[in-house]
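Trainee: Return a 3D structure for these sequence lines:
(one chain, ligands or ions: 1)
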Amino acid sequence: MMTSICAHLQQIIGSIDQTVQQTGRQPGSVKLVAVTKTVPAILVKEAMNCGHMLFGENYLQEAQEKISQLGHGARWHFIGRLQSNKCRDVASLFDMVETVDRVKVAQRLNEQAESLGRRLNVLVQVNIGEETQKSGVMPEETKALLEVITTCSSLNCHGLMALPPYFDAPDKSRPYFRLLRQLSEQCAQKELFYNNQQVELSMGMSGDYVAAIEEGATIIRVGTAIFGARPPQGVTQ
Ligand SMILES: *Cc1c(COP(=O)(O)O)cnc(C)c1O
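Mentor: Residues are numbered from 1 along each chain as shown. Predicted structure coming up:
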């Protein structure tokens, strides 16, 4: 019997493929990060049993508990607010850290990745709506942060991530998705990424991922549409 998690995943993958095709982009050019904050390990396991292997977590401790229960078959992106005293564990546990937003955190992650003998994939989180309560580097400070990261020999910065202001209508997010893409193009022109021919843009969530793909997202982060509604205070950025 197919579970609802499998059905939701199939539905989303179907609409990703359709949008990719309609916009003339390469098949397989959009990755789906299934966001598992507050989702118990047994349900994450269900997603793994349906063949999904890429997940996102916001909280280190919660991720550590789940990953130790689930083994290391899956890949994990860290998508939460990053504290510099958590950098060691984050650098060892995650395949990508999407939320690098200041020099201190970049340097700490670099030191920790170096001492672990690994290269860590990162994105820079941009506060694209310039909202006071949100994390992320301000758009006009993004290039300076990327310049610092290019000197961090154990970090590979693949692109930008953003969590735009929340709207009930996906079309209202489009201007922010566009701003993020334009910023990434300017940064690629200055060769500030690890691979400037293939820059990752992590944007779009349950309510607006189709619009995000149309505007150039290469990574979408979807929670509710796969696992159902979270208890209140689930979104904390
Ligand atoms: C929770 C969260 C998501 C997923 O949000 P949904 O609306 O449940 O799809 C995506 N990105 C970040 C950074 C989040 O914290």
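
Trainee: for residue 184, what are its contacts?
Mentor: The contact partners of residue 184, by C-beta atoms under 8 Å, 6 or more residues apart in numbering, come to 159-160, 199, 201. (Glycine included, C-beta is placed from N, CA and C.)

Trainee: repeat that for 10 Å
Mentor: By C-beta atoms under 10 Å, 6 or more residues apart in numbering, the contact list for residue 184 reads 124, 126, 142, 159-160, 162, 192-193, 196, 199-201, 203, 216, 218.

Trainee: packing partners for the helix ranked longest in the chain?
Mentor: For the chain, the longest helix by residue count, based on DSSP state H, is helix 4-22. Applying 3 or more C-beta pairs under 10 Å, 6 or more residues apart in numbering; DSSP states H and E, we find helix 4-22 packed against strand 31-35, helix 41-49, helix 209-214, strand 219-222, helix 224-227.

Trainee: And stretch 118-130, end to end?
Mentor: Stretch 118-130 stretches 33 Å from its first residue to its last (C-alpha to C-alpha, to the nearest Å).

Trainee: Identify the residues contacting the residue lying closest to residue 205 once chain neighbours are set aside.
Mentor: Once flanking residues are discounted, residue 205 sits nearest to residue 221: 5.7 Å by C-beta to C-beta, 6 or more residues apart in numbering. Residue 221 sits next to 31-35, 55-56, 77, 79, 98, 161, 163, 202-206, 209, 212 when contact means C-beta under 10 Å, 6+ apart.

Trainee: okay but residue 86 is in contact with residue 80, surely?
Mentor: Yes - taking contacts as C-beta atoms under 10 Å, residue 86 lies within contact range of residue 80: 9.2 Å.

Trainee: Quick check: neighbours shared by the two?
Mentor: In contact with both residue 86 and residue 80: 59-60, using C-beta under 10 Å, 6+ apart.
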